[in-house]
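> What follows is a protein structure lacking sequence information:
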């Protein structure tokens, strides 16, 4: 399976600290398989039910990404682990499908560098 580096539909901003993506997924559509390499948070603009698949297209489960919700993930050892107490854990390499009936939209922010202690 061809794995993509882009984790969003459009990159809207990048500097030495952050990458900000806009992400859209139409009903029934599936993202290309992609790999997250950075910690990130996303904010849901237009919500739906999302289903997640591993690199071999095997289903891993789904969750409701409701408008106004935010999700945060720490990327470590090839896995994404919730850093916001939602209990989600998926492989860093995966795809997602919009299992709902409406367009899904989010803003995703990747953190390029670890926080510097003050």
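Here it is on my side, so go on. Because the structure is predicted, anything quoted here is derived from the model rather than measured.

> who's in contact with residue 21?
6-12, 107-110 (CB atoms under 8 Å, 6 or more residues apart in numbering). The way it works is simple: take the backbone N, C-alpha and C, and place the C-beta from them, glycine included.

> Buried ones among those residues?
Taking 16 or more other CB atoms under 10 Å as the criterion, what is buried in the contacts of residue 21 is 7-8, 107-110.

> which regions of the protein sit below the pLDDT cut-off?
1-5, 114-118 (pLDDT under 70).

> all helices of it, in order?
Taking DSSP state H, the chain contains no helices at all.

> This structure: strands as residue ranges?
10-14, 18-25, 34-35, 39-46, 48-54, 59-65, 70-76, 79-82, 89-91, 93-98, 104-111 (DSSP state E).

> want to try TSV for the buried ones among the contacts of residue 21, with distance to residue 93 as columns?
Output for the buried ones among the contacts of residue 21, formatted as TSV (distance: CB to CB, whole Å):
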residue	distance to residue 93
7	11
8	16
107	22
108	16
109	20
110	15
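
> for those residues, which one is nearest residue 75?
For the buried ones among the contacts of residue 21, the residue nearest residue 75 by CB to CB is residue 110; the value is 9.1 Å.

> and residue 90, what does it touch?
52, 54, 60, 79-80.

> Kindly reformat these as JSON lines containing distance to residue 91 and neighbour count.
Compiled in JSON lines, the contacts of residue 90 are given as follows (distance: CB to CB, whole Å; neighbours: other CB atoms under 10 Å):
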{"residue": "52", "distance to residue 91": "9", "neighbour count": "18"}
{"residue": "54", "distance to residue 91": "5", "neighbour count": "15"}
{"residue": "60", "distance to residue 91": "8", "neighbour count": "14"}
{"residue": "79", "distance to residue 91": "6", "neighbour count": "14"}
{"residue": "80", "distance to residue 91": "7", "neighbour count": "22"}
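
> before we move on, back to that, for residue 67, state which of the contacts of residue 21 is nearest.
For the contacts of residue 21, the nearest to residue 67 is residue 107 (12.0 Å; CB to CB).
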